[in-house]
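Chemist: Whatever this is, show me its structure:
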Amino acid sequence: MADTTTRYSLPFQEPTDPPDGANLGQDLAEAVETALGAVEDSVDALAGSPTVTVITTTSSWAKPAGARRVHVQAIGGGGAGGGASATGGGQWSFGDGGGGGEYRAGWFDASTLGSTVAVTIGAGGAAGAGAGATGGNTSFGSHITANGGGGGDIRTATGVQGFTANSNARLGGSGGTGGTVNMAGSAGGSGLGLTSTTGTGQRGGDGGASHMSATQTGRADAAGGAGRQYGGGGSGAARGGGASAVNGGAGASGVVIVTVYFA
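Modeler: Just a heads-up that it's a prediction; the model follows:
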């Protein structure tokens, strides 16, 4: 053959070439097959790229065609920080921070999963002036459940140094099921109340962090701050003398992240 095309190297005869139809046909067919094979390899490589779905509301996940392996990550909802009650002169009140949501992750053969899987996203604990509410559990069908973080206690002042005893309610979420990797959320921080010759200082407890959130800092003489995404605990509220009640910070809701591999 005297020449080939510049892009796909397909052979062709020039006018001055002697007739050679049989060899030309074979060479052309082989060159076309090579070019098409390269295109198919490129398409297969693109189709094999993983897809990532971030699910933040209770819904369902649909398994895509061609899925081979599936990686699932789940985080429970964060607990709310404890509130602060109304105080009289010379009193204070504060809340501990809420715990962060549990993290769980696991690998699954796509053939073991149904065509759709129910997904429940754990809500963050609701804000309130009393003890903080516990965060909700997050689940991916029956395959993984990540538990929510505990709510922060409220320390109610009865005098300059009077408050209720602290409990373990503010612990991070743990004890879920499924997956091959699990990490408990961090516990909410304890609130603080101090007395001195100059007066009384107080601060709400820091909200606990989950695997994908940062700590929410507690505040002095103010309502608590909301937890940070995903699964962060809310911080506790605080009040000095002669103040009205305020809410602790709400926890952040959980999340499910599904990564699908096709090759």
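Chemist: Now do the strands in the stretch 1-150 of the chain.
Modeler: 3-4, 11-12, 51-55, 59-62, 69-75, 93-95, 103-109, 116-120, 138-140, 144-146 (DSSP state E, counting those that start in this stretch).
Chemist: Out of those, which is the most enclosed?
Modeler: Mean neighbours per residue, mean count of other Cβ atoms under 10 Å, is largest over the strands of the stretch 1-150 of the chain for strand 93-95, with a mean of 36. For glycine as for every other residue, the C-beta is placed from the backbone atoms N, C-alpha and C.
Chemist: Show me what it is packed against.
Modeler: strand 154-155, strand 199-203, strand 238-239 (3 or more Cβ pairs under 8 Å, 6 or more residues apart in numbering; DSSP states H and E).
Chemist: Just the buried residues of stretch 17-26, please?
Modeler: Of the residues in stretch 17-26, none is buried by neighbour count under the rule 16 or more other Cβ atoms under 10 Å.
Chemist: sorry, back to before: least reliable of the strands of the stretch 1-150 of the chain by average pLDDT, please.
Modeler: In terms of mean pLDDT, the lowest-scoring of the strands of the stretch 1-150 of the chain is strand 11-12 (a mean of 74).
Chemist: and the helices and strands packed on strand 93-95, which one is worst for confidence?
Modeler: Lowest mean pLDDT of these: strand 199-203, a mean of 57.
Chemist: per the record, what domains does this protein have?
Modeler: 3-47, 50-263 (automatic domain parsing).
Chemist: Deepest-packed of those domains, please.
Modeler: For the domains of the chain, the largest average neighbour count (mean count of other Cβ under 10 Å) is found in domain 50-263, namely a mean of 24.
Chemist: Just the terminal-to-terminal distance for that one.
Modeler: 9 Å (Cα to Cα, to the nearest Å).
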